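Colleague: Here you go, sequence then predicted model.
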Amino acid sequence: MAVISIVDAPMADVRDMYMAHAALRREFRLLPQLIRDVASGDAARAAVVGAHAELVCRILHTHHEGEDLLLWPKLLQRGGEEAASIVPMMEEQHHAIDRAHAETTGLLSGWRSSGRGGEELAGAFEVLLAVLLAHMATEEKWVLPLAEKHVTAAEWRELGEHGMAALPKSELPLAFGMAMYEGDPAVVKAVLSHAPLPVRLLVPVIGRRRYAAHARRVHGTTRPARMGTTLG
């Protein structure tokens with residue numbers, strides 16, 4: 001397969017993908033225990049945790065849908081044998097994640113309304129977490145370096161635009177706050193660099209506040225556990 005070069009175009013800044021992955025790792029790692037901590041039959045608390053679980057599942061689905069539609073085809077077209085050897089693995093991992101995702105979402109609605117069946121749901125989220133962690137580690141090691149070489153900055157922004165278009169506008173500040181919680185301020189600034197000035201100024205403030213309020217309601221703290229830490 002021939003390698004297609006892109007000349008005189010700024011290339012992808014993939015740092016935002018690490019920021020998105022950190023948020024997914026954090027929220028999916030915390031979910032099984034959050035579910036187990038809900039007393040059986042406590043439908044009110046299950047509704048709160050369940051709404052959060054549904055949100056992060058929806059963000060994950062949208063994130064991977066964008067890669068399927070916008071990233072894999074470009075890498076296969078331009079990345080030569082290196083892409084040809086890794087993209088099919090990424091696609092298969094997405095299929096495995098989709099299967100685990102379907103299992104969790106199938107159990108989630110019943111638990112969310114009744115507070116019953118939490119142990120089965122927590123176990124399903126642990127399966128999803130395992131395949132998701134393996135996928136993100138592989139993607140960071142092999143795919144992101146390829147994207148830096150073969151995807152333009154404008155094409156990379158299309159991934160973020162796809163995610164924003166797929167989520168309700170009312171959820172966007174929370175989703176952004178969730179991502180920027182562990183994000184490098186320089187990366188946050190870069191992500192917003194093409195947005196209008198009011199958006200660049202307001203979204204970080206609103207997102208931070210929205211996630212803090214959400215985290216207090218869901219995790220019981222405005223500072224949920226970061227990578228490798230305990231709840232504070």
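Modeller: Looks like it arrived, so ask away.

Colleague: isn't L75 right up against A147?
Modeller: Yes. Taking contacts as CB atoms under 8 Å, L75 lies within contact range of A147: 6.9 Å. (Each C-beta comes from the backbone N, C-alpha and C, glycine too.)

Colleague: show me where the chain has helices.
Modeller: 15-36, 43-66, 72-78, 80-114, 118-138, 144-150, 153-166, 172-180, 185-191, 197-219 (DSSP state H).

Colleague: Need those helices in TSV (columns: mean pLDDT).
Modeller: TSV is the format used below for the helices of the chain (pLDDT from 0 to 100):
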stretch	mean pLDDT
helix 15-36	97
helix 43-66	97
helix 72-78	97
helix 80-114	97
helix 118-138	98
helix 144-150	97
helix 153-166	94
helix 172-180	96
helix 185-191	94
helix 197-219	95
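
Colleague: For A9, which of these is the nearest?
Modeller: With respect to A9, and counting by CB to CB, the nearest of these is helix 153-166 at 7.3 Å.

Colleague: got a list of what the nearest residue to P10 once chain neighbours are set aside touches?
Modeller: Leaving aside its chain neighbours, P10 sits nearest to A153 (4.2 Å; criterion: CB to CB, 6 or more residues apart in numbering). Applying CB atoms under 8 Å, 6 or more residues apart in numbering, we find A153 in contact with 9-13.

Colleague: quick revisit: most packed of the helices of the chain?
Modeller: Scoring these by mean neighbour count under mean count of other CB atoms under 10 Å gives helix 172-180 as the most buried, with a mean of 22.

Colleague: Residues touching that one, excluding its own?
Modeller: Contacts for helix 172-180 (CB under 8 Å, 6+ apart): 19-20, 22-23, 27, 55-56, 59, 163-164, 167, 188, 203-204, 206-212, 214.
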